[in-house]
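>>> structure for this input, please:
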Amino acid sequence: MFEFDQDAVDALLLDSAKFRRLYDKYSTLKTKVHDANAKQVVMNQLDLELLKKEKLHLKDRMADLIKGYRQVHV
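Numbering: from 1, shown residues only. As a prediction, the model looks like this:
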């Protein structure tokens, strides 16, 4: 996901409960989406699309937190 900013992700996982909650929820959704795409879990297309949108929303929120972290820790 944010491999190019792994040091910021690691720092935020330690220092920010908000980031940690977002990251955990993102990881859970990522697994659910992967399982549905791999047909390991039966899911209708609408539910899958909603999961994907929520996952992208979480990713955007984490990206904003990483950006803020980078501005302070340059």
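
>>> give me the low-pLDDT residue ranges for this protein?
In the predicted model, the chain carries pLDDT under 70 at residues 1, 3.

>>> nearest residue to the middle of it?
Among the residues of the chain, the one closest to the centroid is residue 26, at 3.4 Å (C-alpha atoms, centre = their mean).

>>> how about the contacts made by it?
The neighbourhood of residue 26, defined by C-beta atoms under 8 Å, 6 or more residues apart in numbering, consists of 1, 55, 58, 59, 62. (Each C-beta comes from the backbone N, C-alpha and C, glycine too.)

>>> looking at these, state which has the most neighbours.
The most neighbours of any of these, using other C-beta atoms under 10 Å, belong to residue 62, which has 22 neighbours.

>>> my read: that one touches residue 19, true?
Yes. With contact defined as C-beta atoms under 8 Å, residue 62 and residue 19 form a contacting pair (6.5 Å).

>>> can you give me the helices for this structure?
For the chain, helices defined by DSSP state H occupy the ranges 6-15, 17-37, 45-72.

>>> report all helices and strands that the shortest one contacts.
Helices and strands touching helix 6-15, as assessed by 3 or more C-beta pairs under 8 Å, 6 or more residues apart in numbering; DSSP states H and E, comprise helix 17-37, helix 45-72.

>>> for it, which positions count as buried?
Neighbour-count burial for helix 6-15 flags 8, 9, 12 (criterion: 16 or more other C-beta atoms under 10 Å).

>>> redo those residues as JSON lines? Include distance to residue 69.
Below are the buried residues of helix 6-15 laid out as JSON lines (distance: C-beta to C-beta, whole Å):
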{"residue": "8", "distance to residue 69": "5"}
{"residue": "9", "distance to residue 69": "9"}
{"residue": "12", "distance to residue 69": "6"}
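
>>> closest one of those residues to residue 33?
Of all these, residue 9 has the smallest distance to residue 33: 19.6 Å, by C-beta to C-beta.
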